[in-house]
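Colleague: how does the following fold in three dimensions:
(chains A and B)
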Protein chains: 2
Amino acid sequence: MSADHASGLETQTGFRFAARTAGVRRSALREILKVTEMPEIISFAGGLPAPELFPVEELADAAQAVFRDEGAAALQYSTSEGHAPLREWVCEYLLETAGLSLAPDQVLIVSGSQQGLDLIAKVLIDPGDSVVCEDPAYLGALQAFRSYQAHVIGLPADSEGLRVDELRSLLRGAARRPKLLYLVTNFQNPTGTTLSAPRRREIAETAAEFGLPILEDDPYCSLRYEGDRMPALAASPGARDCLYLGTASKVLAPGLRVAWIAAPDRGVYERLVRAKQACDLHTASFNQRMVANYVRRPGVLAAHIARLCRIYGERRQAMLGALARELPPGSAWTHPRGGLFVWVRLPDTIDTETLLPEALRRRVAFVPGASFWTNGDVRSTLRLNFSNASPARIETGVRRLAEAIRCAHAYPSSGPEPVLEARL
Amino acid sequence: MSADHASGLETQTGFRFAARTAGVRRSALREILKVTEMPEIISFAGGLPAPELFPVEELADAAQAVFRDEGAAALQYSTSEGHAPLREWVCEYLLETAGLSLAPDQVLIVSGSQQGLDLIAKVLIDPGDSVVCEDPAYLGALQAFRSYQAHVIGLPADSEGLRVDELRSLLRGAARRPKLLYLVTNFQNPTGTTLSAPRRREIAETAAEFGLPILEDDPYCSLRYEGDRMPALAASPGARDCLYLGTASKVLAPGLRVAWIAAPDRGVYERLVRAKQACDLHTASFNQRMVANYVRRPGVLAAHIARLCRIYGERRQAMLGALARELPPGSAWTHPRGGLFVWVRLPDTIDTETLLPEALRRRVAFVPGASFWTNGDVRSTLRLNFSNASPARIETGVRRLAEAIRCAHAYPSSGPEPVLEARL
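Modeller: Numbering: from 1, shown residues only, chains lettered A, B, ... in the order given. The predicted structure follows:
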């Protein structure tokens, strides 16, 4: 309550808020995005797919076919579980992309991955329960878990992903078993790291040994630009009690809000369906049918994904090349094999929250790493998105970023400042 | 947990569910709907708009215009608050239909009214808090409140709506002030009753006096077939701390999942936006723009609503006429001036849950009243929907229902039976 008083939001009303609202802040990232929408700014801040690559015409065709052939059904209420033909296709896609063999009645269609996170948290988390994740971790997931008053425990990760020794040591020492282990296994947000095959097996076995359920969030699996696809962690031989989250947002379009939870466990599935009913009845019938129509067009999705991978792959190369040319000694960055992000660590003297206004003055934007950390809070880190600018703009943007860094380096900050409010 | 063990859902897994899941059951109503989808059954069970009246062609036009003129934006992520032009239109619509004068930054676009209920509950309800409503009340709202472990207190209503004396007496005697008063003010679901103008004023004043916030849920306000439109309760001179929920589901199409919360209070609005971010980021950009495009076509929505009112009005007349001809002495029913439902009370000896299988054998369906009661549980009540069948089918359906009642009357049930499971 005190925080809200401080922000000046509180007025004299009869409204008394639930305790859980105290933990929920607006996502700093989404607030930054508002500033960086100006066209003169080269933004590496968002996690947005490139809008010029959306398959607008094919989706318009799919929409017209739905209106023509199933208009009334697409506009009517529908079942909470989701449109049956879409769930059938999701099963084929899960098998192909993640090696997961599931039946349609184990798939729940949701309104974007974020709703998947919310429903899973709603079903599993009591106030004070803990959720284990990598540190740094995806902000939207932290926000969803915290909105149910979860205590988030971030564990160290390296170039192969979450460290198993840290997980074992946490589980051995835990007075109360955590409710969930949350992982983005491919091209993680924010680091771009992919959990290695041995780690997948070891984590699956460790979690099974300690009875810890896993939520595998895999929005980027089809956006691979290098190396071979790996089966999902949830497809490991030793895995049990896994939930798997997939989405059409990154391969098709986020504005449709179509995603899916794969929940092999019957009891969990039933509870998720009930929670979905109470939350929003069902995902928009029209959107589900439009996506189902689109993905059933022979070869269309595969060709679209191939195009995305070619173009995003070029952009990734442009960014990695520019970082190598431009960043000062003492910097390090990840080498993502897919997805949308590169994670950068600058020399320790640089605080990226202080760097951001400097960068914005030079018309380049990024997300300071601090938001993504749960424990570590390494203030010299930042996240760069490469999917949403041409190679030429990426090169210009990284040059501008390097200038801002040089400037910050020359005049080191006198310590952490409360710049967030002033900046926005 | 015991209930779940009994239902056979529990398996040996590491999943441990949140306490709040214990209170959430699948909606009995939605389960009944699955059975009654067979075309040979005349169903008065749903709350569905008539699919043959959906403006399919106009919406297809709107969709094409959106793809053509703003395709990339409609497929991209967007702000949690909602599409600005849609929020501007909502303000005009609120003024016209409810007498509410609000600014776009007091309007939050949500994915259907059900999500509005969920977000409001998430922001206001701590476990054990109480919510006051009419008895009987809308099932989806009860489900949303209970999913946050609210204690729902149903108060008696009469032909003018919620009784103010009962509300005052509850508030005077309450050890802890309830968090919310929930009301469907026009053509209530399930009873079809409209809160009278004097009652609106008295309830607004009483709630203000006791510092009790009000959630006014008004999905049917444009579907009026008789009498004059009244300003919303939230527009009463004495009203304060009101939230107002509206939707495109009943006048346009539920399958698009577009609705809105009007929240004049800044602190509440901010919390609702944050909760929306954590729940599903934003309502589908495409759907918001399609609706915005449709409602901006001059005269189109007004003509569509006029057509709905004419046809639904005829159906209402057909049902009221048939009930007067067919129902046995000792029956009573409401005379709704709009909306989708008539509420029926049969002679006391009849239990409508026992009556339902008898009715289904005669190929007619309804929803037993028991589901809607929070305290009263008058087992001789039932809800009939009249929007989704032609006058001729309504007359046949009511004849079949009357036959089932005569049969149940001749062989009175030997007491309450656990028919719910067997029936589904």
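Colleague: give me the element the residue of the stretch 301-424 of chain A at minimum distance from chain B is part of.
Modeller: Nearest to chain B in the stretch 301-424 of chain A, going by Cβ to the nearest Cβ, is A:Asn388, at a distance of 10.0 Å. The way it works is simple: take the backbone N, C-alpha and C, and place the C-beta from them, glycine included. If you go by DSSP states H and E, A:Asn388 is not part of any helix or strand.
Colleague: what residues does it make contact with?
Modeller: A:43-44, A:46, A:48-51 (Cβ atoms under 8 Å, 6 or more residues apart in numbering or on different chains).
Colleague: which residues in the stretch 251-400 of chain A form helices?
Modeller: Secondary structure of the stretch 251-400 of chain A, counting by DSSP state H, counting those that start in this stretch: helices at A:266-280, A:285-295, A:300-326, A:352-361, A:391-410.
Colleague: cool, and the stretch 51-200 of chain A?
Modeller: Counting by DSSP H, counting those that start in this stretch, the helices of the stretch 51-200 of chain A are A:56-75, A:84-98, A:113-124, A:139-146, A:164-173, A:197-210.
Colleague: buried residues in stretch A:220-234?
Modeller: Neighbour counts over stretch A:220-234 (16 or more other Cβ atoms under 10 Å in any protein chain shown) mark A:220-225, A:230-234 as buried.
Colleague: out of these, which one sits closest to A:Val123?
Modeller: Closest approach between the buried residues of stretch A:220-234 and A:Val123, by Cβ to Cβ: A:Ala234, at 17.4 Å.
Colleague: show me the contacts for the nearest residue to the closest one once chain neighbours are set aside.
Modeller: With sequence-adjacent residues excluded and distances taken as Cβ to Cβ, 6 or more residues apart in numbering or on different chains, A:Ala234 is closest to A:Cys242, at 3.7 Å. By Cβ under 8 Å, 6+ apart, A:Cys242 lies in contact with A:204, A:213-216, A:233-234, A:264.
Colleague: for the stretch 201-350 of chain A, what lies in contact range of chain B?
Modeller: A:207-208, A:210-213, A:240-241, A:253-257, A:265-268, A:270-271, A:273-275, A:277-287 (Cβ under 8 Å from any Cβ of the partner chain).
Colleague: sorry, back to before: using TSV, please lay out the helices of the stretch 251-400 of chain A together with distance to B:Asp348, mean neighbour count and mean pLDDT.
Modeller: Shown next, in TSV, are the helices of the stretch 251-400 of chain A (distance: least, Cβ to Cβ, whole Å; neighbours: other Cβ atoms under 10 Å in any protein chain shown; pLDDT from 0 to 100):
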stretch	distance to B:Asp348	mean neighbour count	mean pLDDT
helix A:266-280	32	24	96
helix A:285-295	41	25	98
helix A:300-326	60	17	98
helix A:352-361	70	20	93
helix A:391-410	76	18	93
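Colleague: take those and write them to a markdown table, including distance to A:Ala19.
Modeller: Formatted as a markdown table, these follow (distance: least, Cβ to Cβ, whole Å):
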| stretch | distance to A:Ala19 |
| --- | --- |
| helix A:266-280 | 20 |
| helix A:285-295 | 34 |
| helix A:300-326 | 42 |
| helix A:352-361 | 29 |
| helix A:391-410 | 40 |
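Colleague: now for those helices, which one comes closest to B:Cys91?
Modeller: Nearest to B:Cys91, of the helices of the stretch 251-400 of chain A and by Cβ to Cβ, is helix A:266-280 at 23.3 Å.
Colleague: chain center to that closest one: distance?
Modeller: Distance of helix A:266-280 from its chain centroid, counting by Cα atoms, centre = their mean, to the nearest Å, is 22 Å.
Colleague: determine the set of other helices and strands touching it.
Modeller: The criterion is 3 or more Cβ pairs under 8 Å, 6 or more residues apart in numbering or on different chains; DSSP states H and E, and the helices and strands that helix A:266-280 contacts are strand A:107-110, helix A:113-124, helix B:113-124, helix B:139-146.
Colleague: A:Gly246 pairs with what?
Modeller: Applying DSSP bridges to A:Gly246 yields these beta-bridge partners: A:Trp260.
Colleague: for A:Val342, that is, sorry about that
Modeller: Under the criterion used (DSSP bridges), A:Val342 bridges to A:Leu384.
Colleague: doesn't A:Gln317 make contact with it?
Modeller: No. Contact criterion Cβ atoms under 8 Å: A:Val342 and A:Gln317 do not qualify, at 11.1 Å.
Colleague: hang on, the earlier thing: what about the contacts of A:Asn388, which are in strands?
Modeller: The members of the contacts of A:Asn388 that map onto strands under DSSP state E are A:Ser43.
Colleague: for the contacts of A:Asn388, which entry has the maximal number of neighbours?
Modeller: A:Phe44 (28 neighbours; other Cβ atoms under 10 Å in any protein chain shown).
Colleague: list the residues that contact it.
Modeller: A:364-366, A:383-386, A:388-389, A:394, A:397, A:401.
Colleague: and which of the residues you listed is nearest B:Ala103?
Modeller: Looking across those and measuring by Cβ to Cβ, the closest to B:Ala103 is A:Ala365, at 29.5 Å.
Colleague: pLDDT score for the residue of the stretch 301-424 of chain A closest to chain B?
Modeller: Per-residue confidence (pLDDT) for A:Asn388: 93.
Colleague: so how far is B:Tyr138 from it?
Modeller: Counting by Cβ to Cβ, to the nearest Å, the gap from A:Asn388 to B:Tyr138 is 43 Å.
Colleague: now swap in A:Gly267 and tell me
Modeller: 28 Å.
Colleague: near the closest residue to A:Leu340 other than its chain neighbours, how many other residues are there?
Modeller: Residue nearest to A:Leu340 in three dimensions, not counting chain neighbours: A:Ser387, with 4.5 Å by Cβ to Cβ, 6+ apart. Residues near A:Ser387, counting by other Cβ under 10 Å, number 23.
Colleague: phi, psi of A:Ser387?
Modeller: With angles defined as degrees, to the nearest 10, A:Ser387 sits at phi -80, psi -10.
Colleague: for it, give me its contacts.
Modeller: A:48-50, A:312, A:315, A:340.
Colleague: circling back: pLDDT at the residue nearest to A:Ala234, what is it?
Modeller: 97.
Colleague: one more: A:Ser27?
Modeller: Note for A:Ser27: predicted pLDDT of 64.
Colleague: and for the one 10 residues further on?
Modeller: Taken from the predicted model, the pLDDT recorded for A:Glu37 is 68.
Colleague: just A:Gln12 next, same as before
Modeller: 72.
Colleague: with only the CA atoms kept, save the strand ranked longest in chain A in CSV.
Modeller: Looking across chain A with DSSP E, the single longest strand is strand A:151-158. Extracted in CSV, the C-alpha atoms of strand A:151-158 (Å, rounded to 0.1, in the frame of the first residue of the first chain):
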residue,chain,number,x,y,z
HIS,A,151,8.3,-16.2,-4.3
VAL,A,152,10.6,-16.5,-7.4
ILE,A,153,14.0,-18.2,-6.9
GLY,A,154,16.5,-17.5,-9.7
LEU,A,155,19.3,-20.0,-10.2
PRO,A,156,22.6,-19.4,-12.1
ALA,A,157,22.8,-20.5,-15.7
ASP,A,158,25.8,-20.8,-18.0
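Colleague: all set now, cheers.
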